[in-house]
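[1] Below are the sequence and a predicted model; questions follow.
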Amino acid sequence: MSAMHRFIAAALLLGASTAVTAPLYAQETRIGIERGAVPAGPTLPDVQGGEVDLSDYLGNGPVLLEFWATWCENCEDLHPDMLEAHRLYGDRVDFFAIAVAVGQSERRVRSHLEDHPVPYPTLWDSRGEAVRAFETPATSYIVILDAEGTVAYTGIGRDQDIVAAIRGVLASEPAG
């Protein structure tokens, strides 16, 4: 991607992520990937030097994906809610933070995580594979997939009720 394309992509993501302050849900409006879709999961490096094949998780229990950036104010505001959701449901839902490669470097992401740690893997989407797979419209975008790997929730912005979204996905799971 050329420098000009990266600049345009960064401007679009920054504009979209800072302009959206109210929650938007797939149940009301389509945001990103369509609810009911069954996406393929790309393999992405994690910021600790490992690698995660998301397809190993999709279809093997609920999964939450958070698309974020160090410069995203909505993401910063959403951070405490994400930590609380993980505290409540981290034993039942696989959480992944996906750092988009727009306006930030992997080194900057690692540095940011030293001051703002998360208790779940942070993946580095250097080539936009996850952004494309999940039709990510902006940062602060959340996708929750059900146990079968079907998109059950999408939302964007700082005012999402992540706990309620997870609770809704878990409530719709068949009793085991």
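    Now that the structure is in, tell me what you want to look at.
[2] hey, where'd the strands end up in the protein?
    24-25, 43-45, 51-53, 63-68, 94-100, 122-125, 141-145, 151-156 (DSSP state E).
[3] would you turn these into a markdown table with mean pLDDT and distance to residue 110?
    For glycine as for every other residue, the C-beta is placed from the backbone atoms N, C-alpha and C. As requested, those are exported to a markdown table (pLDDT from 0 to 100; distance: least, Cβ to Cβ, whole Å):
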| stretch | mean pLDDT | distance to residue 110 |
| --- | --- | --- |
| strand 24-25 | 38 | 30 |
| strand 43-45 | 97 | 12 |
| strand 51-53 | 97 | 16 |
| strand 63-68 | 98 | 14 |
| strand 94-100 | 97 | 9 |
| strand 122-125 | 96 | 8 |
| strand 141-145 | 97 | 21 |
| strand 151-156 | 96 | 25 |
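[4] and those strands, which is most packed in?
    strand 141-145 (a mean of 28; mean count of other Cβ atoms under 10 Å).
[5] Walk me through which strands that strand pairs with, and which way each runs.
    Taking DSSP bridges as the criterion, strand 141-145 forms sheet pairs with strand 63-68 (antiparallel), strand 151-156 (antiparallel).
[6] Take those strands and write them to CSV, including distance to residue 131.
    Below are the strands paired with strand 141-145 laid out as CSV (distance: least, Cβ to Cβ, whole Å):
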stretch, distance to residue 131
strand 63-68, 7
strand 151-156, 13
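[7] Now do stretch 99-115: distance from first to last residue.
    15 Å (Cα to Cα, to the nearest Å).
[8] Show me the contact partners of stretch 73-86.
    17-18, 20-21, 64, 66, 68-69, 95, 97, 116, 118-120, 139-140, 142, 156-158, 160-163, 166 (Cβ atoms under 8 Å, 6 or more residues apart in numbering).
[9] quick revisit: how about the strands paired with strand 141-145, which one is nearest residue 51?
    Minimum separation from residue 51 across the strands paired with strand 141-145 (Cβ to Cβ) falls at strand 63-68, 16.3 Å.
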